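A.B. asks: the sequence and its predicted three-dimensional model are supplied below.
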Amino acid sequence: MATLEINDLHVSVEAEGGPTEILRGVDLTVKQGETHAIMGPNGSGKSTLAYSLAGHPKYTVTGGTVTLDGEDVLEMSVDERARAGVFLAMQYPVEVPGVSVSNFLRTSATAIRGEAPKLRTWIKEVKETMAGLEMDPSFAERNVNEGFSGGEKKRHEILQLELLKPKIAILDETDSGLDIDALRVVSEGVNRVRSGGDTGTLLITHYTRILRYIKPDHVHVFAKGRIVESGGAELADKLEAEGYEQYVKGGASS
């Protein structure tokens, strides 16, 4: 069983006047098959956690460890992390002009699987997965995210998730900018991956609405760069009712 272990993680970002610490000692363990929701206000460090795990060069790890199946993630390059099974669905997916969705997906699958998928079975797999996400097949021949709406970009992120089947999926505010129909479709895609039991999911969100579709095993409240409270799904209901103010003021601790 794959396990992502984060211990006392500290991360800084360069700013005017010098480095600014964003993460101040994050401890979290995500096991294969589990779904953890990270909830918190803007500026609490949730996205910094996501991008630090993925290896974004903007963020500097100044302390702590991150391991996947005992292997040091922080020593891996970005592509090595992806090959090891770490997947990031970005809050703002970028456009990649000149690269078609079909080529991007097959190249990614080849890197993850260690060999190119057989073309006939691959085309069938892609078409079936796109149909489940209610995506027009013509999207496969468009350039990656170029001219895509916000909802289309998020469906494409989940298309990658379903096809690549990572050990650990980090979903950074996948629900942002989605209307209710797109939220349902995207959530169903995440749930299909979860049902396989092979992927641990770290779901980062401000709001509880996506948790009506994706039921978390664990909910963690993020504030001031660390986890300040953890619980079950009922904690999300508490946050919906009471908000984050008590955590921002420092009234709760882990």
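C.D. replies: Sure, I can see it.
A.B. asks: got phi/psi on the residue nearest to Thr67 when sequence neighbours are not counted?
C.D. replies: Sequence neighbours aside, Glu5 is the residue nearest to Thr67 in space, at 4.9 Å (criterion: Cβ to Cβ, 6 or more residues apart in numbering). Glycine gets a C-beta too; all of them are placed from N, C-alpha and C. In terms of degrees, to the nearest 10, the main-chain angles of Glu5 are phi -120, psi 120.
A.B. asks: wait, isn't Glu5 in contact with Glu71?
C.D. replies: No - using Cβ atoms under 8 Å as the test, Glu5 is too far from Glu71 to be in contact (10.4 Å).
A.B. asks: neighbour count for those two, which is higher?
C.D. replies: Neighbours per residue (other Cβ atoms under 10 Å) separate Glu5 from Glu71, with Glu5 holding more: 16 against 12.
A.B. asks: count the residues that sit near Arg24.
C.D. replies: 15.
A.B. asks: surely it meets His10?
C.D. replies: Yes - using Cβ under 8 Å, Arg24 is in contact with His10, at 6.3 Å.
A.B. asks: and the helices in this structure?
C.D. replies: 46-54, 78-84, 101-113, 119-132, 150-164, 180-195, 234-242, 245-248 (DSSP state H).
A.B. asks: from the chain's centroid, how far away is the longest one?
C.D. replies: In this case it means helix 180-195. Put simply, helix 180-195 sits 14 Å off its chain's centre (Cα atoms, centre = their mean, to the nearest Å).
A.B. asks: quick one: list the elements packing against that helix.
C.D. replies: helix 119-132, helix 150-164, strand 168-172, strand 200-205 (3 or more Cβ pairs under 8 Å, 6 or more residues apart in numbering; DSSP states H and E).
A.B. asks: please put the alpha-carbon coordinates of it into PDB.
C.D. replies: Only the C-alpha atoms of helix 180-195 are listed here, as PDB (Å, rounded to 0.1, in the frame of the first residue of the first chain):
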ATOM      1  CA  ILE A 180     -23.100  22.600 -10.800                       C
ATOM      2  CA  ASP A 181     -23.200  20.200 -13.800                       C
ATOM      3  CA  ALA A 182     -19.400  20.400 -14.300                       C
ATOM      4  CA  LEU A 183     -18.900  19.900 -10.600                       C
ATOM      5  CA  ARG A 184     -21.000  16.700 -10.700                       C
ATOM      6  CA  VAL A 185     -19.200  15.300 -13.800                       C
ATOM      7  CA  VAL A 186     -15.700  16.100 -12.400                       C
ATOM      8  CA  SER A 187     -16.600  14.600  -9.000                       C
ATOM      9  CA  GLU A 188     -17.900  11.400 -10.600                       C
ATOM     10  CA  GLY A 189     -14.500  11.100 -12.400                       C
ATOM     11  CA  VAL A 190     -12.600  11.500  -9.100                       C
ATOM     12  CA  ASN A 191     -14.900   8.900  -7.500                       C
ATOM     13  CA  ARG A 192     -14.200   6.400 -10.300                       C
ATOM     14  CA  VAL A 193     -10.500   6.700  -9.500                       C
ATOM     15  CA  ARG A 194     -11.200   6.400  -5.800                       C
ATOM     16  CA  SER A 195     -13.400   3.300  -6.300                       C
END
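A.B. asks: just give the number of residues close to Gly147.
C.D. replies: Gly147: 8 surrounding residues under other Cβ under 10 Å.
A.B. asks: let me know the pLDDT of it.
C.D. replies: Here the pLDDT value assigned to Gly147 is 90.
A.B. asks: show me what contacts Gln32?
C.D. replies: Contacts for Gln32 were tallied using Cβ atoms under 8 Å, 6 or more residues apart in numbering; they are Met1, Ala2, Thr3, Lys167, Ile168, Gly197, Asp198, Thr199, Gly200.
A.B. asks: please apply the same query to Ile227.
C.D. replies: Val26, Asp27, Leu28, Ile38, His220, Val221, Ser254.
A.B. asks: could you redo the last one with a cut-off of 10 Å?
C.D. replies: Applying Cβ atoms under 10 Å, 6 or more residues apart in numbering to Ile227 gives the contacts 6, 25-28, 38, 40, 45, 49, 220-221, 253-254.
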